[in-house]
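what follows is a predicted structure for the sequence shown.
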Amino acid sequence: MQSKIQKGALTRTFKKPAFAGRSSGSRGRFPVRGGNRSGGGRGRGVSTSIHPSKFVNKAVITETVEQFVPEHKFADFLIDERLKANIIEKGYVDPTPIQDRAIPHILKGEDIVGIANTGTGKTAAFLIPLIHKVLSNPKENILIMCPTRELALQIEDELKGFIKGMGLYSVSCVGGAPIGSQIRQLRYRNEFVIGTPGRLKDLIERKVLNLSFFKTVVLDEADRMLDMGFINDMKFMMAMMPKDRHTLFFSATLSREIEMLIKDFLKNPVSISVKTQDTSKNVDQDVVRVNRGENKLDVLHSMLIQPDFSKVLIFGRTKHGVEKLTTLLQGRGFKAESIHGDKNQSARQRALKTFKDDKAQVLVATDVAARGLDISGVSHVINFDIPATYEDYVHRIGRTGRAGKKGKAFTFID
């Protein structure tokens, strides 16, 4: 048996493994989302409006490339010399567009709304000027709020590289990790508190985190926090902060709901948009049609044994489905790890590190891994289950084709 990936007039064929049809994983166990089916999830049903054509896009490489020319170099910014030295040590010379445009306004203390795709360097865009702010005023406290544990830890990791040798401290407050250790860390001086809304609210209610001392806040991936149902937690925490505060708001999209948050949370913000096209020009996108009688897991197997599928991120709909798919792939001899909300933080970090270090070929994940995570060298993104929205799809495939490299994305469809 063979499965075909349709590409307009072209067809790519993958040979099925010898045991096709006898696998313990059946199509019924891993339903493809789409059509008139309904699915679970936290308040988000299965999309019936994403036409399969949206998942097909041939990456086009042209000879003429528009080159961004920054107005500044990192050496030009009026920031602490120790910070400049650490920036140089990290190999940064020219700012990305969001860094080039946002840093001067943040240094002036202006509220900003930054609309930028994932992977554009926005973390450094707010960390660099805020580190300078703390160095200039040692009593300053910074709160950074983001949607997922992985993104919070990634932000803290990048922060540590910038503040090396400065005597500044930070704490990550995320769910899935022992709250006791976070409470102990909060008893000490931490210039930067980075966390997810649910855990931050928990710590506030336990009276171990007092936001009245925080006059600067970053809301990173605000649209994702909105999607995940954190709107009331966000409003709760913003109400606990001084009204006279410095607010930095970053989002990949600008919906009506986001505009309402901006109106509620910010004062006369400077709007900075460096958002490019919806899907990366470096990502070759296509669909995998699973025909009647074919085993979906066998089709996936036939793809993963191809030599070019070297570092593959697979997205599934549910936590249970992701874990079961990972177990089945491991049973077939693939080095696979998983990330989803039912795993504790240490297990998620171990899985992510194993994949980042190329010790696992496959990482199976829910949409918790769709945004913010910086994983280099992902060769393929596979949507084993169709995403709930096209926006989710855009963020999923944004995990490949990064740093100018070409990537590939496949979406399974009945």
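It's in. Numbering: from 1, shown residues only.

please make it C-alpha for all contacts and neighbour counts, starting now.
Will do.

which parts of the chain belong to which domain?
Residue ranges of the domains in the chain are recorded as 2-57+279-413, 74-273, according to automatic domain parsing.

format these as TSV; extra columns: mean neighbour count and mean pLDDT.
Converted to TSV, the domains of the chain look like this (neighbours: other C-alpha atoms under 10 Å; pLDDT from 0 to 100):
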stretch	mean neighbour count	mean pLDDT
domain 2-57+279-413	19	76
domain 74-273	18	93
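
the residue lying closest to residue 126 once chain neighbours are set aside: which element?
What sits nearest to residue 126 in space, not counting adjacent residues and going by C-alpha to C-alpha, 6 or more residues apart in numbering, is residue 103, at 6.9 Å. When secondary structure is defined using DSSP states H and E, the element that contains residue 103 is helix 97-107.

next SSE after that helix?
Downstream of helix 97-107, the first helix or strand assigned by DSSP H and E is strand 112-115.

list the helices and strands the helix holding residue 103 packs on?
With contacts defined as 3 or more C-alpha pairs under 8 Å, 6 or more residues apart in numbering; DSSP states H and E, helix 97-107 has these neighbours: strand 112-115, helix 122-136, strand 270-273.

reformat the ones you listed as a markdown table; add distance to residue 169.
Converted to a markdown table, these look like this (distance: least, C-alpha to C-alpha, whole Å):
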| stretch | distance to residue 169 |
| --- | --- |
| strand 112-115 | 25 |
| helix 122-136 | 11 |
| strand 270-273 | 29 |
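
to residue 413, which of these lies closest?
strand 112-115 (31.5 Å; C-alpha to C-alpha).

quick one: residues contacting residue 199.
Taking C-alpha atoms under 8 Å, 6 or more residues apart in numbering as the definition of contact, the neighbours of residue 199 are 173-175.

quick check: residue 270 touching residue 109?
No: under the criterion of C-alpha atoms under 8 Å, residue 270 is not in contact with residue 109, lying 10.7 Å apart.

rewinding a little: from the contacts of residue 199, pick the one nearest residue 78.
Proximity to residue 78 was ranked across the contacts of residue 199 by C-alpha to C-alpha; first place goes to residue 173, at 30.9 Å.

could you pull up phi and psi at the closest one?
Dihedral angles phi and psi of residue 173 (degrees, to the nearest 10) take the values phi -120, psi 90.

what strand or helix carries residue 394?
With elements taken from DSSP H and E, the one containing residue 394 is helix 390-397.

and that helix, how far out from the chain's middle?
Centre-to-centre, helix 390-397 and its host chain are 10 Å apart (C-alpha atoms, centre = their mean, to the nearest Å).

what does stretch 187-205 give?
The answer for stretch 187-205 is 21 Å, by C-alpha atoms, centre = their mean.

identify the residues contacting the residue nearest to residue 126.
The contact partners of residue 103, taken as C-alpha under 8 Å, 6+ apart, are 125-126, 128-129.

what helix or strand does residue 264 sit in?
helix 256-265.

go on, residue 247?
Using DSSP H and E, residue 247 sits in strand 246-251.

for that strand, output the C-alpha coordinates as CSV.
Coordinates of each C-alpha in strand 246-251 appear next as CSV, following Å, rounded to 0.1, in the frame of the first residue of the first chain:
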residue,chain,number,x,y,z
HIS,A,246,4.8,51.2,32.2
THR,A,247,3.0,48.6,30.0
LEU,A,248,4.5,46.7,27.1
PHE,A,249,2.0,44.7,25.1
PHE,A,250,3.1,42.1,22.4
SER,A,251,0.8,40.1,20.2
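
for the nearest residue to residue 221 once chain neighbours are set aside, name its beta-bridge partners.
Nearest non-adjacent residue to residue 221, counting by C-alpha to C-alpha, 6+ apart: residue 251, 4.9 Å away. When assigned by DSSP bridges, residue 251 has beta-bridge partners residue 115.

got the contact list for residue 251?
Under the contact definition (C-alpha under 8 Å, 6+ apart), the residues listed for residue 251 are 113-117, 220-224.

any idea how far residue 293 is from it?
Residue 251 is 43 Å from residue 293, where distance means C-alpha to C-alpha, to the nearest Å.

ok, now residue 107?
Here the criterion is C-alpha to C-alpha. By it, residue 107 lies 61 Å from residue 293.

and what of residue 163?
From residue 163 over to residue 293 (counting by C-alpha to C-alpha), the distance is 57 Å.

thinking again about what came up before, pull the CA atoms of the helix holding residue 394 into PDB?
As requested, the backbone C-alpha atoms of helix 390-397 are provided in PDB (Å, rounded to 0.1, in the frame of the first residue of the first chain):
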ATOM      1  CA  TYR A 390      -6.000  28.900  10.800                       C
ATOM      2  CA  GLU A 391      -4.100  31.200  13.200                       C
ATOM      3  CA  ASP A 392      -3.100  28.100  15.200                       C
ATOM      4  CA  TYR A 393      -1.900  26.600  12.000                       C
ATOM      5  CA  VAL A 394       0.300  29.600  11.200                       C
ATOM      6  CA  HIS A 395       1.900  29.400  14.600                       C
ATOM      7  CA  ARG A 396       2.400  25.600  14.400                       C
ATOM      8  CA  ILE A 397       4.200  25.700  11.100                       C
END
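
residue 196: which of the contacts of residue 103 is nearest?
Checking these against residue 196 with C-alpha to C-alpha, the nearest one is residue 126 at 17.3 Å.

just checking, the closest one touches residue 106?
Yes: in this structure, residue 126 sits in contact with residue 106. The criterion is C-alpha under 8 Å, and the distance is 7.4 Å.

still on that earlier bit, give me the distance between the residue nearest to residue 126 and residue 74.
Residue 103 sits at a distance of 10 Å from residue 74 (criterion: C-alpha to C-alpha).

okay then, goodbye and thanks.
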